[in-house]
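Visitor: model the structure of this input:
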Amino acid sequence: MNTPLLSVDNLTIGFPNTTSTVTPVVRDVSVHIAPGMRIGVVGESGCGKSTLAYALLGMIRGAGVRVHGTVTYAGAQLFDMPPAQLQHIRGAEIALVPQNAGQSLAPHRTVYAQIAEVLEIHQQLQGDAAWQRVVQLLADMRLRNPARIARRYPHQLSGGQQQRVALAMALAGQPKVLVLDEPTTGLDVTTQAQLLALLHALTNDTDMAMVLVSHDLGVIAQTCQQVMVMYAGEVVEMGDTADVFQQPHHPYTRGLIAAMPQLTATRLPYAMPGQMRRSATDQQCAFLDRCAFAQSVCATTAPTLEFVAHTRAVRCHHWQTVATHDDVDSTATPLLDRAPVGEGTPLLAVRQVSATYHQPDWRWWVRTPPQLVVAQVDITLTPGHTCAVVGESGSGKSTLARVITGLHQPAAGNVYLDETVLPATVTQRSQDARRRIQLIFQNPDLSLNPRHTVAELLYRPQAVFFGRTRAQALPHTISMLQQMRLDEQYLNRVPQQLSGGEKQRVAIARAFLADPDVVVCDEVVSALDVSVQASLLQLLVDIQRQRGTAYLFIAHDLAVVRAVAHTAIVLFAGHVCEQGATAEVFAVPHHPYTMQLLSAVLTVPRRTVQPQVNLPADDTTLTHGGCPFRQRCPIAIPHLCADVVPPWQQVAGSHTFRCHHPPDVLASLRDQFALPTT
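Guide: The predicted structure is shown next:
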């Protein structure tokens, strides 16, 4: 093995609690990172992943303290360095891509100004050279029209675009170690595939080491050579990624793998019982309360991290039993009800809705034409029905959600509730209509007041819609928190004291406390680890069965869509490409774009065939005439697809698609994609 470039030795980091003692959030972690090494860190929200990631830059957030241990870069201890020297290392030697890209970008500065500052400090580039380098970095991130993106401000970008800008900023200093904290959370599957391929090429071409923190086991399997599994601040298993995922030795690793939704099955993923807690003493296993293999020794003796092979270590008394045990019984997870769609009176209907945005221009006297972002979309939701909307970042999914909830006025078409036309804007809608249609934002920071406690955040909808006092609201608040796998200790916390996954759960709880009939879920589980995601998907389905709630489910994760959605609509550049029953669309896709999306889904164990995704540098002309997908389509007919809008074709029942090619030609194309077998 190469000489370690970055080493962590017996590191323990804690935060003071109400009794003035320090509660460890990272406990005795050791890891050695060599040049060119790619290591993944996985675990539930709150397990210490992000705290460890920041410690790799000699940084501890908030009131945290380093109890003991060291972080050494090129032979020098980071925590002992003078601030000026440490500031130079951050960016030039070790760079971080934070979990929430929106919070890491200055809202008052353009994208160019922020990346150019890094180039000036660490690469001594200015003027035209800096501009060309910024544009090239943005182009490498597969951003459409990078020169235009460079002139924009962060609020003018989507969540996925902000994430890629943050990555471009981190790479601007040409670091030797790149630390990524949930870098793919806001990305669709095709952009994610391209980004992971770029990171793979960077580590191979430049010998740059990479530490990837993620709750997405598929991303880790596709990208990393080694993996560390963390639970309650401890490393419970580590080793070669393929070995760990194919034959896990710790019960927690098995639970994480079983909690992953499967693209090949219409079945809810397995949800591990209980929730993570930190062991109060060193005399018992931290996973004791949730472990199906626990015995008396687990309650009296804490297991140590034991090397069971050259690069394989596990923290478990019974790892031999776990390693040889059969997989989790998938029959324990219920099948999703597949009730016939379209029966009964429509609860919510979207009819021929189109939406536009005006692109700002620095020349205030120039009137630019509006850009079409949603084109003639139709959706029907009946009680108990889940319709998923899938597509890449920028395809119009979130705009469609904002139109339905009255936050964006449509350019054409109407939204109906109980067959009655709703006013276009939320301010014109009645209080009951606002209560009945709730929106859960992709980024919970957009909807949670940073100065309000969780108790206050969850009290507000109850006061507004039901007139409850704080005393009357409290039992409902606690009950909903418990359903979200959060306990009463969170009531007095503010959003800044919550992890990304915990913020999302609070946002979900607030929406359901309004007792809505329709919930528009805009990437509600994208920031959650797989175990919490599995429990929340089960919760969403349970609420739907009990109340008949209808969901418009916007998601990048196609496996999640397969698990929860009855029907699916595939959007590209604001146009519907394919739609129908989810099982049919995913099993036998007919549109080339749907095939590309499915081929880019990452799985555990790693797929051996790379996804066939080809993203052009500029897609700005895709919505003007002809087929919107023509520049990306591998079988586009030059003149026909460029000039003629493709017709709708029906496969069976509600399954339809829009393409010039007949089904037999598309069937031969489908065989060329490495699609999962259903």
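
Visitor: just the CA trace of the worst-scoring helix or strand of the chain on mean pLDDT, in CSV.
Guide: Least confident element among the helices and strands of the chain, by mean pLDDT, DSSP states H and E: helix 101-104 (a mean of 73). These are the backbone C-alpha positions of helix 101-104, laid out as CSV (Å, rounded to 0.1, in the frame of the first residue of the first chain):
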residue,chain,number,x,y,z
ALA,A,101,-24.5,23.3,-1.5
GLY,A,102,-26.9,26.2,-1.3
GLN,A,103,-25.6,27.2,2.1
SER,A,104,-22.0,27.1,1.0
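
Visitor: give the buried residues for it.
Guide: 101-102, 104 (16 or more other CB atoms under 10 Å). Every residue, glycine included, has its C-beta placed from N, CA and C.

Visitor: name the helices or strands packed onto the next helix or strand after it?
Guide: Where DSSP states H and E defines the elements, the next helix or strand beyond helix 101-104 is helix 111-122. Applying 3 or more CB pairs under 8 Å, 6 or more residues apart in numbering; DSSP states H and E, one finds that helix 111-122 contacts helix 83-92, helix 127-140, helix 146-150, helix 159-172.

Visitor: how about residue 6, nearest residue that isn't a chain neighbour?
Guide: residue 33 (4.4 Å; CB to CB, 6 or more residues apart in numbering).

Visitor: the one you found: how many residues sit nearby?
Guide: By other CB atoms under 10 Å, 22 other residues sit near residue 33.

Visitor: now do residue 591
Guide: Neighbours around residue 591, by other CB under 10 Å: 26.

Visitor: tell me the mean pLDDT for stretch 432-446?
Guide: Mean pLDDT, stretch 432-446: 89.

Visitor: low-scoring pLDDT stretches of the stretch 1-150 of the chain, where are they?
Guide: Scanning the stretch 1-150 of the chain for pLDDT under 70 picks out the ranges 1-2.

Visitor: so residue 165 makes contact with residue 154?
Guide: Yes: if you go by CB atoms under 8 Å, residue 165 and residue 154 touch, sitting 7.5 Å apart.

Visitor: compare these two (neighbour count), which wins?
Guide: residue 165 (26 against 21).

Visitor: still on that earlier bit, shared neighbours, residue 165 and residue 154?
Guide: Residues touching both residue 165 and residue 154 (CB atoms under 8 Å, 6 or more residues apart in numbering) are 105, 111.

Visitor: phi and psi next, for the nearest residue in space to residue 423 that is not next to it in sequence.
Guide: Distances taken as CB to CB, 6+ apart put residue 429 closest to residue 423, at 5.2 Å, once the chain neighbours are dropped. When quoted as degrees, to the nearest 10, the phi and psi of residue 429 stand at phi -80, psi 150.

Visitor: tell me how far residue 429 lies from residue 422.
Guide: From residue 429 across to residue 422, the span is 6 Å (CB to CB, to the nearest Å).

Visitor: now swap in residue 185 and tell me
Guide: 32 Å.

Visitor: the two - which one has more neighbours?
Guide: The neighbour comparison of residue 185 against residue 422 (other CB under 10 Å) goes to residue 185, with 25 against 21.

Visitor: surely the more buried one is in a helix?
Guide: No: counting by DSSP: H, G, I helix; E, B strand; the rest coil, residue 185 is not part of a helix but coil.

Visitor: show me the contacts for it.
Guide: With CB under 8 Å, 6+ apart, residue 185 has these contacts: 99, 163, 500, 526-527.

Visitor: ok, these vs residue 588, which is closest?
Guide: residue 526 (26.7 Å; CB to CB).

Visitor: helices of the stretch 551-678 of the chain, start to end?
Guide: Taking DSSP state H, counting those that start in this stretch as the test, the helices found in the stretch 551-678 of the chain are 558-564, 582-587, 592-599, 638-643, 663-672.

Visitor: helix 663-672 and the third one, what's the angle between them?
Guide: What that stands for is helix 592-599. 20 degrees (axes from the mean of the first three to the mean of the last three CA atoms, to 10 degrees).

Visitor: which other helices and strands does helix 592-599 contact?
Guide: helix 189-206, strand 567-572, strand 575-581, helix 663-672.

Visitor: which of the ones you listed is buried the deepest?
Guide: strand 567-572 (a mean of 26; mean count of other CB atoms under 10 Å).
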